[in-house]
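> how does the following fold in three dimensions:
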Amino acid sequence: GVFTVRSPGKGTVLSVQLDPFALDERYADTAAEYEAVQLSRVRLRQLWSRLLTQTGATSAADVAARLTTLRAGASYQTLGQWFTLGPFVPEDEKATPETVLDIEFPGEEAAVAGDTNPNTMYARRDGTRLDFRTTVQADKTEFVNLAAALNADNRAVAYVTRTVTREQGGIAVLRLGVDYWMKVWVNGEVVYRMDQGHGAPKPNRHLVKVELKQGENVITLKVLAGTKGFGFWANLGESDEDNERAAGRPSRDAQLYD
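Okay, here's the model as predicted:
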């Protein structure tokens, strides 16, 4: 390129002739030389951009969009309040988690359907009558403690259900953590189950893409206690694809000026 400074009379004339893309394909077939000019590629673009800025040029629309769009990441709705039915205890003390999650305890059909009518009673095998009057609320860590709410311990089973309302249908991400096993329904369909060991319980360990419809959607969990705890975490957010579209993220190859 050519770079000249002239001082005709009282002013100064700066002349620049350069191609900021001149090195893009230079040495493309020779790895060492190609790597050696990468910093120069950046510097050429910076020089070009600064000169254009000084002459009053405006940035390209896609760059302006990149600089003014908040990229806050995915947003998630905490699913903190649930209607609860339980606890139930399987008769066979040696039954595997897989077997217990397949047992249809009284009220399962209503739980899956989101039918939480408090006047309907469901009898356990020991004669105890249960209903959906008990509700549970997540604590400040977003953990729903079923052990405390139901006064239940090891090997207890409970159903929790709630609805979520969506203005538009589409794919969402259900993020779950459980202590310790679970089976999950969305709008009456099984979308996930965890009946194998999965390490220490923690939030967001299990990510499930689900199809939600416009309006009300029913989410139901069947939770089986472990030996040290009984509860779960749950939140719901947009899919990665939806977040990308919502953020309006431009191409990473956007140039600074048209």
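
> where does the stretch 1-150 of the chain have low pLDDT?
Within the stretch 1-150 of the chain, the stretches with pLDDT under 70 are 1, 71-74.

> state the distance from the residue nearest to Ala138 when sequence neighbours are not counted to Arg162.
With Cβ to Cβ, 6 or more residues apart in numbering as the criterion, Ala138 has its nearest non-adjacent residue at 3.8 Å, and that residue is Gly80. All C-beta spots, glycine's among them, are computed from the backbone N, C-alpha and C. As judged by Cβ to Cβ, to the nearest Å, Gly80 and Arg162 stand 9 Å apart.

> then Thr68?
37 Å.

> tell me which of the two has more neighbours.
Arg162 (20 against 8; other Cβ atoms under 10 Å).

> so which elements touch the helix or strand containing that one?
Arg162 is part of strand 157-166, with elements assigned from DSSP states H and E. With contacts taken as 3 or more Cβ pairs under 8 Å, 6 or more residues apart in numbering; DSSP states H and E, strand 157-166 sits against strand 81-88, helix 108-113, helix 146-150, strand 215-224.

> would you turn those into JSON lines with mean neighbour count and distance to Gly11?
JSON lines is the format used below for these (neighbours: other Cβ atoms under 10 Å; distance: least, Cβ to Cβ, whole Å):
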{"stretch": "strand 81-88", "mean neighbour count": "23", "distance to Gly11": "72"}
{"stretch": "helix 108-113", "mean neighbour count": "18", "distance to Gly11": "81"}
{"stretch": "helix 146-150", "mean neighbour count": "20", "distance to Gly11": "80"}
{"stretch": "strand 215-224", "mean neighbour count": "21", "distance to Gly11": "69"}
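
> ranges for the strands of the stretch 151-258 of the chain?
Counting by DSSP state E, counting those that start in this stretch, the stretch 151-258 of the chain has strands at residues 157-166, 170-179, 181-186, 189-194, 206-212, 215-224, 231-238.

> wait, which of those strands is closest to Ser15?
strand 231-238 (51.5 Å; Cβ to Cβ).

> circling back to that earlier point, quick one: closest of the helices and strands packed on strand 157-166 to Val13.
Closest approach to Val13 among these (Cβ to Cβ): strand 215-224, 67.8 Å.

> which helices and strands sit right next to the closest one?
helix 97-102, helix 108-113, strand 157-166, strand 170-179, strand 181-186, strand 231-238.

> how far is that strand from where the chain is centred?
18 Å (Cα atoms, centre = their mean, to the nearest Å).

> ok, and what's touching it?
If you take Cβ atoms under 8 Å, 6 or more residues apart in numbering as the criterion, strand 215-224 is touched by 79, 82, 97, 100-101, 108, 111-114, 146, 155-166, 174, 176, 178, 180-188, 230-232, 234, 236.

> rewinding a little: the strand holding Arg162 vs strand 215-224, what angle?
160 degrees (axes from the mean of the first three to the mean of the last three Cα atoms, to 10 degrees).

> buried ones in strand 157-166?
Within strand 157-166, the residues scored as buried using 16 or more other Cβ atoms under 10 Å are Val157, Ala158, Tyr159, Val160, Thr161, Arg162, Val164.

> each with direction, which strands does it pair with?
Partners of strand 157-166 in the sheet, by DSSP bridges, are strand 81-88 (antiparallel), strand 215-224 (antiparallel).

> which residues does the shortest one contact?
Going back to what we said before, that points to strand 81-88. 105-107, 110-111, 116, 122, 124, 130-132, 134-138, 144, 146, 149-150, 152, 156-162, 221.
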